[in-house]
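Colleague: Let's see this in three dimensions:
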Amino acid sequence: MRFVRYGMILIGVAVTGLAPAAVAAPPAAGQTVARSGGHCIEVTATIPLAHASGEIAVNPNTNTVYATTFGHKVIVISGRTNKVVSMISVGRNADAVAVNPATNTIYVGNSRDGTISVIDGRTRTVVATIPLGRDEGHIAVNPATNTIYVTHLFADTVSVISGRTNTVTATIPVAQFPQSVAVDPKTNTIYVTGMGPDEVTVISGQTNKIVAHVPFPLGTPRALAVNPATDTVYAVPGSDGTGSSAAVISGQTNTVVTNIPVGDMPDGVAVNSNTNIIYVANPNGSVSVLNGQTNKPLATISVGTAPNGVAADPKTNRAYVANAPTDGSPISVSVLGPCRL
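Modeller: This next block holds a predicted model:
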């Protein structure tokens, strides 16, 4: 789901759904390759899709990728074969998606129904439906505590859901128009973007209380990702922000320590905690690859049209980029992985 703000009104603009076949493809001619500390990254496959919303998640324990359709389906992609292996029926306007790799459970936000579909990753069936409200935004999971967090864009709250009972256990007031949410499972800390004021709100997962407000220097924060190995948060501004940078936030001090140049109006960000490499999806058809150790850009890799969501698998060292359709352009998932020798 993309949100465009006109004055103080946010309008959700979703791009549609996903597809049946997946074919491995070589990198495009002139493809930029990122190299860092012995790691070489390139586009190793392109998975064609019929429809895509731009939301994507990966379970590193099962090597499985999940993408929503903004219809009533979730597409299941094998990370081993890069092929679509299943389609799971969920609620209406499925957009947000997150995975608990510890329990092999997938959570899908159905914006039209105002519900969360809970999917068993082993059976690929919906095992529960959690009522929330029609303004739910993004979803994040803490696998260490089996807790799910869902933002509510217009209620200015975050719902806390027990993964054991599939019920809402708390509601946390946050800054206006919260959209993205990310979790550090090592510190049990939750990070939420806010638009009024422009900030990243820091919440203790133990107390469900706000413990810090991090002013965002780049305008309106859109997307977040956490590297639990380094206790570092990455935030990008999106279309309502200013500049072309990713903000690097220390989880220890809750301050922005530096900004890293990326593309204009980035839509998504993901971190590979194994390699300390960050992926930022830029709407111009590229992904900025960043070095988390040096806080410097490594390369800009061309992918499909209008990349939006991005997810990283620390076990395979692959990243998956959902390329959203614009003006009839091809829809696909780009797979960024270790260079083929």
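Colleague: CA atoms for contacts and neighbours, from now on please.
Modeller: Noted.
Colleague: what about the host helix or strand of Val168, average pLDDT?
Modeller: With secondary structure defined by DSSP states H and E, Val168 is part of strand 167-173. Averaged over strand 167-173, pLDDT sits at 97.
Colleague: May I have the strands that pair with that strand, each with its orientation?
Modeller: Using DSSP bridges, the strands paired with strand 167-173 are strand 157-162 (antiparallel).
Colleague: buried stuff in the partner strand?
Modeller: Within strand 157-162, the residues scored as buried using 16 or more other C-alpha atoms under 10 Å are Thr157, Val158, Ser159, Val160, Ile161.
Colleague: where's Thr147 relative to Asp135, distance?
Modeller: Look at Thr147 and Asp135: by C-alpha to C-alpha, to the nearest Å, they are 20 Å apart.
Colleague: circling back: ok, of the buried residues of strand 157-162, which one's closest to Ala175?
Modeller: Comparing the buried residues of strand 157-162 against Ala175 with C-alpha to C-alpha places Thr157 closest, at 7.8 Å.
Colleague: I figured that closest one hits His138, correct?
Modeller: No. Judged on C-alpha atoms under 8 Å, Thr157 makes no contact with His138 at a distance of 11.8 Å.
Colleague: what's the strand holding Val168 in contact with?
Modeller: When contacts are defined by C-alpha atoms under 8 Å, 6 or more residues apart in numbering, strand 167-173 is touched by residues Ile130, Asp156, Thr157, Val158, Ser159, Val160, Ile161, Ser162, Asn208, Lys209.
Colleague: do that again at 10 Å, thanks
Modeller: Under the contact criterion C-alpha atoms under 10 Å, 6 or more residues apart in numbering, strand 167-173 has outside partners 128-132, 147-152, 155-162, 203, 208-210.
Colleague: which among these end up buried?
Modeller: 129-130, 132, 147-152, 155-161, 203, 208, 210.
Colleague: Where does pLDDT dip in the stretch 51-200 of the chain?
Modeller: Residues of the stretch 51-200 of the chain that meet the criterion pLDDT under 70 lie in 52-54.
Colleague: can you tell me how far the nearest residue to Glu136 once chain neighbours are set aside sits from Phe177?
Modeller: In space, and not counting its chain neighbours, Glu136 is closest to His152: 4.4 Å by C-alpha to C-alpha, 6 or more residues apart in numbering. Using C-alpha to C-alpha, we find His152 at a distance of 7 Å from Phe177.
Colleague: ditto for Ala45
Modeller: 36 Å.
Colleague: of the two, who's got more company?
Modeller: A direct count of neighbours by other C-alpha atoms under 10 Å for Ala45 and Phe177 places Phe177 higher, at 25 against 20.
Colleague: Could I get the contacting residues of the more buried one?
Modeller: Phe177 neighbours (C-alpha under 10 Å, 6+ apart): 8-10, 135, 137, 151-157, 192-198.
Colleague: Now that we have those residues, which of them are buried?
Modeller: Judged by 16+ other C-alpha under 10 Å, buried ones among the contacts of Phe177: 135, 137, 151-157, 192-195, 197-198.
Colleague: what's the closest of the residues you listed to Ser111?
Modeller: Of all the buried ones among the contacts of Phe177, the one sitting nearest Ser111 is Asp135; the distance, using C-alpha to C-alpha, is 6.6 Å.
Colleague: Relative to Asp95, how far out is that closest one?
Modeller: Look at Asp135 and Asp95: by C-alpha to C-alpha, they are 12 Å apart.
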